[in-house]
Every structure is written in structure tokens, then in C-alpha cells.
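Trainee: just to be clear, the model below is a prediction. Sequence and coordinates:
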Amino acid sequence: MASKKKANKLITGTTAAKTVDTAVTSLTEVASASAKAVIIAGKENTKLSKEAKRLSKKRAALMKKKKSASTKAKKDASAINKKALNAVVKEIAANKKDTAKISTQKATVSEELTALKAAAKRAAAYDKAIAMADKILNKPKKKKRKQKAAKKAAAPVLTSVAA
């Protein structure tokens with residue numbers, strides 16, 4: 001009725017060493033991969049920012065064009081002036097559509113870039129700490145020199161003499 005507890009299985013030394021080595025290797029791979037991903041996402045974010053800036057400038061120019069075209073259309077309501085005004089309005093609509101598309105892409109890339117930077121920072125810090133620990137652990141043991149050992153053995157022992 002009462003279930004028996006399973007005894008914890010002991011891990012062998014080789015298994016432990018292999019597990020630690022694979023963990024260190026995978027952490028190193030994640031650190032390098034996330035650093036590369038941050039660079040790529042940063043370039044994409046920069047590209048989208050430039051595109052958004054270009055569209056913003058184009059929109060400002062189109063607004064000026066629309067203002068001048070509408071004043072011309074009000075002064076002289078000819079078919080040519082109305083067509084020019086409608087063409088500018090269509091360009092503004094297309095520009096607005098492109099701007100909306102770019103802004104959603106930029107928001108997505110920006111979020112991803114922020115998450116990647118945080119992960120890359122953590123992975124790099126852990127990788128650096130593990131590299132420092134490995135450096136300390138892999139130092140060879142210092143051997144005592146024979147001369148120092150001999151001096152310690154031959155050192156005279158002071159005894160107090162009772163007078």
C-alpha cells in the first residue's frame with residue numbers, strides 16, 4: 001500500500017565530467033550565436049529606421065505638394081488640376097500604407113532585438129565566468145622545490161636551557 005521510494009541513482013565521474021563539458025560547450029555556442037543574432041537584428045532595425053525616415057520625409061514633401069495642388073484646384077477647377085490633386089492624394093495614401101507596414105515590422109524587430117541583447121549579455125557573462133573558472137581549475141599544481149623542503153627539515157630547533 002505504501003509505495004517504496006526509489007533510491008537516488010549515483011552519477012559516475014565520467015558521466016558528470018561529460019555532462020559538464022557538454023553544458024559548457026552548449027553555453028559557448030549560445031553565446032556566439034546570440035551575439036551574431038544581435039548583430040543581424042541590429043542591422044535590420046537600422047535598415048527599417050532609415051526606411052521609416054525616408055517615408056516620413058516623402059510624406060512631408062507630398063503634403064506640401066497637396067497644399068499647392070489644392071490651392072491651384074481652388075483657383076482654377078480644371079480637369080488637369082483636379083487630376084494632379086487626386087494623384088497626390090493617392091501617393092499620400094500609398095505612403096501611409098507603407099509607413100504602417102514598416103512601423104509594425106520595426107516594432108517586432110525592436111522587441112526581438114531587446115530580448116536578444118538581454119540573452120546575449122547573460123550568455124556572454126556566464127561564458128566569461130566559466131572561462132575564468134576553467135583557467136583557475138586547469139592550472140598545474142605547483143611543485144615544492146627540494147631545497148625549500150630540505151631547509152625546513154634541517155632547521156635547528158631552539159630548546160630552552162635551564163640555568
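Mentor: Alright, I've got the coordinates.

Trainee: where does residue 123 land on pLDDT?
Mentor: Per-residue confidence (pLDDT) for residue 123: 95.

Trainee: that one contacts residue 30, correct?
Mentor: Yes. If you go by Cβ atoms under 8 Å, residue 123 and residue 30 touch, sitting 5.0 Å apart. For every residue, glycine as well, the C-beta is placed using N, CA and C.

Trainee: contacting residues around the residue most central in space within the chain?
Mentor: The centroid of the chain falls nearest to residue 117 when counting by Cα atoms, centre = their mean (2.5 Å). Applying Cβ atoms under 8 Å, 6 or more residues apart in numbering to residue 117 gives the contacts residue 38.

Trainee: look up how far residue 29 lies from it.
Mentor: 18 Å (Cβ to Cβ, to the nearest Å).

Trainee: I'd like the distance from the one helix or strand residue 85 maps to to the chain centre, please.
Mentor: Assessed by DSSP states H and E, residue 85 sits inside helix 79-137. Centroid separation between helix 79-137 and its chain, computed with Cα atoms, centre = their mean, to the nearest Å, is 14 Å.

Trainee: do stretch 37-50 as well
Mentor: Centroid separation between stretch 37-50 and its chain, computed with Cα atoms, centre = their mean, is 12 Å.

Trainee: just say helix, strand or coil for the nearest residue to residue 81 once chain neighbours are set aside.
Mentor: Excluding the flanking residues, the one nearest residue 81 by Cβ to Cβ, 6 or more residues apart in numbering is residue 73, at 4.3 Å. State at residue 73, reduced to three classes by DSSP: H, G, I helix; E, B strand; the rest coil: helix.
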